[in-house]
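Asks: Sequence and predicted model, in that order:
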Amino acid sequence: MSMKGKAGWKLILAGCLAASLTGCSLLPKEEEALAPPLVKPAKENFELYEVKRGNIAKQITGVASFASDKIQYLYFTESGGRFKSMNVQLGDTVKKGDVVATVDSGDLEVKIKQQQLALQKSQILLEQAKEENRGDVRALQLKMLDVQSVELQLDLLKSQLAETKLVSDIDGVVSYIDPIKEGDQVSAYKSLVTISDPHSVQLVYTAGSAGDIVGVELGMDVQVKIKDKIYQGKVVQIPSTAPASDNKSVQDKNSKSVIIKVDGLPDGIKLGSQADITIVTEKRDNVLIIPRVGLRSYMGRDYVQVLDGESRKEVDVEKGIVSATEVEIRKGLQEGQKVILNN
């Protein structure tokens, strides 16, 4: 190799050596990592309510209907008979003694006719014995016993026939008819027809369940609204004072019904007319009150959340009256404290 060539290689080797010594100086320089920005936590927004004093009442409101206070529920006392006919329609006027429905009586009427003939025969034989055997006391007694036996059997058959008919004991209007059909088997003590006297009415409020009228007592005042006019009423019957009945449907209704006497009813009140009623069952004045949504409950514990600085704090409370929208607080809070309503 010539001296000139050797000199060129030396220059190249010198350049590589210099490059190796400078290392990554030939690569782009990395930028320093930036520190994450400091994010200020968002301030929680509280929906607050200031505890204050006021009046609170627990009340029952609903729609009551006017019904007769003289009602007869008609039903059969034995099961198994086949329904035969319904002789009335809803709204019909009936008189005392009218037959409103019947079950199939089979051959009872024929048996009664036969027994009536047998009675006539036994009575004739008795009269004949009296004439022929004036001194034979035993013979007369036997004939008299025959007559009594036939009479007893006739009375039994008539009683059985009577039980195949539903008869109204009052004058009134048919206010209910069961949708039973001809040929259906009847059930004992199931009301099939209700007769109501339209001349004697009372206001009846029937709740959805017995629990809905807990707290209602005899003599409580009732506000009654009929066609935008307010009338005053009194509770005159509650479930515990309802008359005893062997009819299950009547028992069920009485267990969740309140009867109200209204003063100064307007003209034109008819069976089925309705009225809005309000019964205040409990009331307290000048007590601490919070919205019902502010009360929290868990496993028998009642508590609220109050604002403590900028955070929540749980406080156990003792509640009093609970209305539809408010709660009385007897212990645990003071007037002016801020209760948190939102979760």
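Replies: Perfect, I can see it now.
Asks: in the chain, which spans are helices?
Replies: For the chain, helices defined by DSSP state H occupy the ranges 3-22, 108-132, 137-162, 248-254.
Asks: which of these sits most buried?
Replies: helix 248-254 (a mean of 16; mean count of other Cβ atoms under 10 Å). C-beta coordinates here come from the backbone N, C-alpha and C atoms, glycine included.
Asks: Send me that one as PDB with only the CA atoms.
Replies: Provided in PDB are the C-alpha atoms of helix 248-254 (Å, rounded to 0.1, in the frame of the first residue of the first chain):
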ATOM      1  CA  LYS A 248    -115.500 -13.700  55.400                       C
ATOM      2  CA  SER A 249    -115.900 -10.900  52.800                       C
ATOM      3  CA  VAL A 250    -117.600  -8.700  55.400                       C
ATOM      4  CA  GLN A 251    -114.800  -9.500  57.900                       C
ATOM      5  CA  ASP A 252    -112.100  -8.600  55.300                       C
ATOM      6  CA  LYS A 253    -113.800  -5.300  54.500                       C
ATOM      7  CA  ASN A 254    -114.300  -4.400  58.100                       C
END
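Asks: Where does the prediction get shaky in the chain?
Replies: The model of the chain has pLDDT under 70 over residues 1-43, 134-135.
Asks: So the residue sitting nearest the centre point of it versus Ala64, what's the distance?
Replies: Geometric centre of the chain, nearest residue: Gly208, 1.6 Å, by Cα atoms, centre = their mean. Gly208 sits 13 Å away from Ala64, taking Cβ to Cβ, to the nearest Å as the criterion.
Asks: cool, Ile340 as well?
Replies: 40 Å.
Asks: Over to Val222?
Replies: Note on Val222: its distance to Ala64, by Cβ to Cβ, is 9 Å.
Asks: where do the contact lists of the two overlap?
Replies: Contact criterion Cβ atoms under 8 Å, 6 or more residues apart in numbering; residues shared by Val222 and Ala64: 260, 277.
Asks: Return the residues in contact with Asn150.
Replies: I think there's a mix-up here, since residue 150 is Val and not Asn. Contacts here follow Cβ under 8 Å, 6+ apart; on that basis Val150 touches 115, 118-119, 122.
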